[in-house]
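Engineer: Could you look at this predicted model? Sequence included:
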There are 2 protein chains.
Amino acid sequence: MLQVLAPLELRLTKHRRSLLSVLENTSRPLTVDELVVSADVPMSTAYRNLAGLVDAGIVVRVAGAGSADRYELAERLSQRHHHHLVCTGCGLVTDFDASSQLEKLIDVEIEALLATSGFEITHHVFDVRGLCSDCVTG
Amino acid sequence: MLQVLAPLELRLTKHRRSLLSVLENTSRPLTVDELVVSADVPMSTAYRNLAGLVDAGIVVRVAGAGSADRYELAERLSQRHHHHLVCTGCGLVTDFDASSQLEKLIDVEIEALLATSGFEITHHVFDVRGLCSDCVTG
DNA sequence: ATCAGTGCAAACTTTTTGCACCGCA
DNA sequence: TGCGGTGCAAAAAGTTTGCACTGAT
């Protein structure tokens, strides 16, 4: 992990190590609240570190279904392209994989957009929304 | 529009009319700030009306790329299924259409998820992210 | 006339920042 | 040892809510 941080002027501090460790060992995007508890890091430090890691492309900020945003490791580090199944009831986010056929078609679509939109496209988001089983029954 | 609101215990008030009118005449999701200015409605009223309209399925809340959430007419009212091209620099959101081939494949994918996830799926989000031309050059 | 809607201000939640001190490279 | 990181507390930013008043049905 140091080899990722060093070239970016980001020191490998205790807190940074802790945040990254928590993010590495989870299978879904976490809220700052969850991170603060799991990584045992003060709020302000968590926000500041996360902002730095996002700028560095190491962590991705996932816009929340509800109020609070969530964070997860960037795909180039987690080695795993995936998508999100978001519960619009409680904000729970779970990862899932799409078929390679769909991924290929999405790539084609993005190529077309690149040409027409004037945007410099960095990535795509394919999320599915609904109610998790708890929210359906509850 | 009244015929949409009446069955839902939502009165067609001046503000509601104004908000819906603004939403009908725009091609992208708007922030509450933008809505308050365009529709000339007080903040609290805007939030309360939007919450009601979202509950009623008339309006959709689009999780913000940055901080502020955005709102747009639900697709069953705008008559137009579409996707979002989001600028991660300034938060600008533009609508675009995907190929019908991609849409079909997405439907198949969602069918599969329905069966395996335990989620009650309501809709999908296929967003593309990047920097708009202003943010690239600026 | 009734009950949803309104508008202000105050409260809340989430995120950002100022400042003095600390510790990694 | 210098500069990035830290931690508290205060401030922004975005959203929600209490309450007394108004207006659509």
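Structural biologist: Cool, got the structure.

Engineer: My guess is A:Val54 contacts A:Arg61. True?
Structural biologist: Yes. With contact defined as CB atoms under 8 Å, A:Val54 and A:Arg61 form a contacting pair (5.4 Å). For glycine as for every other residue, the C-beta is placed from the backbone atoms N, C-alpha and C.

Engineer: Just the residues contacting the helix or strand where A:Val22 lies, thanks.
Structural biologist: If you go by DSSP states H and E, A:Val22 is part of helix A:14-24. With contact meaning CB atoms under 8 Å, 6 or more residues apart in numbering or on different chains, helix A:14-24 is reached by A:1, A:5, A:10, A:30, A:35, A:38-41, A:45-46, A:49-50, A:53, A:58-59, A:71-73, A:78.

Engineer: Sort out for me which of the residues you listed are in strands.
Structural biologist: A:Leu30, A:Val59, A:Tyr71, A:Glu72, A:Leu73 (DSSP state E).

Engineer: Am I right that the fourth one is in contact with A:Arg28?
Structural biologist: Yes. Using CB under 8 Å, A:Glu72 and A:Arg28 qualify as a contacting pair, with a distance of 7.2 Å.

Engineer: Which positions within the helix holding A:Val22 qualify as buried?
Structural biologist: Under the neighbour-count criterion of 16 or more other CB atoms under 10 Å in any protein chain shown, helix A:14-24 has A:His15, A:Arg16, A:Ser18, A:Leu19, A:Leu20, A:Val22, A:Leu23 buried.

Engineer: repeat for stretch A:24-42
Structural biologist: So for stretch A:24-42, counting by 16+ other CB under 10 Å, buried means A:Thr26, A:Pro29, A:Leu30, A:Thr31, A:Val32, A:Glu34, A:Leu35, A:Val36, A:Ser38, A:Ala39, A:Val41.

Engineer: Check those and tell me the two furthest apart.
Structural biologist: Maximum pairwise distance among the buried residues of stretch A:24-42 (CB to CB): 17.0 Å, between A:Pro29 and A:Val41.

Engineer: show me what contacts A:Leu105?
Structural biologist: By CB under 8 Å, 6+ apart, the contact list for A:Leu105 reads B:Ser99, B:Gln101, B:Leu102, B:Leu105.

Engineer: of the contacts of helix A:14-24, list those near DNA strand D.
Structural biologist: A:Leu10, A:Val41, A:Thr45, A:Asn49 (CB under 7 Å from any atom of the strand).

Engineer: Which of those has the largest number of neighbours?
Structural biologist: A:Val41 (23 neighbours; other CB atoms under 10 Å in any protein chain shown).

Engineer: name the element A:Gly130 belongs to?
Structural biologist: Counting by DSSP H and E, A:Gly130 is part of strand A:120-131.

Engineer: sorry, that was for A:Cys135
Structural biologist: Secondary structure (DSSP H and E) places A:Cys135 in helix A:133-137.

Engineer: Identify the residues contacting that helix?
Structural biologist: With contact meaning CB under 8 Å, 6+ apart, helix A:133-137 is reached by A:Cys87, A:Gly89, A:Cys90, A:Leu92, B:Gly118, B:Phe119, B:Glu120.

Engineer: can you list the weak-confidence ranges in chain A?
Structural biologist: Residues of chain A meeting the criterion pLDDT under 70: A:1-9, A:64-66, A:138.

Engineer: can you count the residues close to the residue nearest to A:Val36 when sequence neighbours are not counted?
Structural biologist: In this structure, A:Val36 finds its nearest non-sequential neighbour in A:Ala46, 5.1 Å apart by CB to CB, 6 or more residues apart in numbering or on different chains. The burial count assigned to A:Ala46 is 20, neighbours taken as other CB under 10 Å.

Engineer: Also A:Arg11?
Structural biologist: A:Arg11: 9 neighbours (other CB under 10 Å).

Engineer: swap in A:Val125?
Structural biologist: Applying other CB under 10 Å, I find that A:Val125 has 19 neighbouring residues.

Engineer: can you check A:Glu103 too?
Structural biologist: A:Glu103: 15 neighbours (other CB under 10 Å).

Engineer: Distance of it relative to A:Ile110?
Structural biologist: 11 Å (CB to CB, to the nearest Å).

Engineer: got the contact list for the nearest residue to A:Gly52 once chain neighbours are set aside?
Structural biologist: Leaving aside its chain neighbours, A:Gly52 sits nearest to A:Leu10 (5.9 Å; criterion: CB to CB, 6+ apart). The neighbours of A:Leu10, taking CB under 8 Å, 6+ apart as the test, are A:Arg16, A:Gly52, A:Leu53, A:Ala56.
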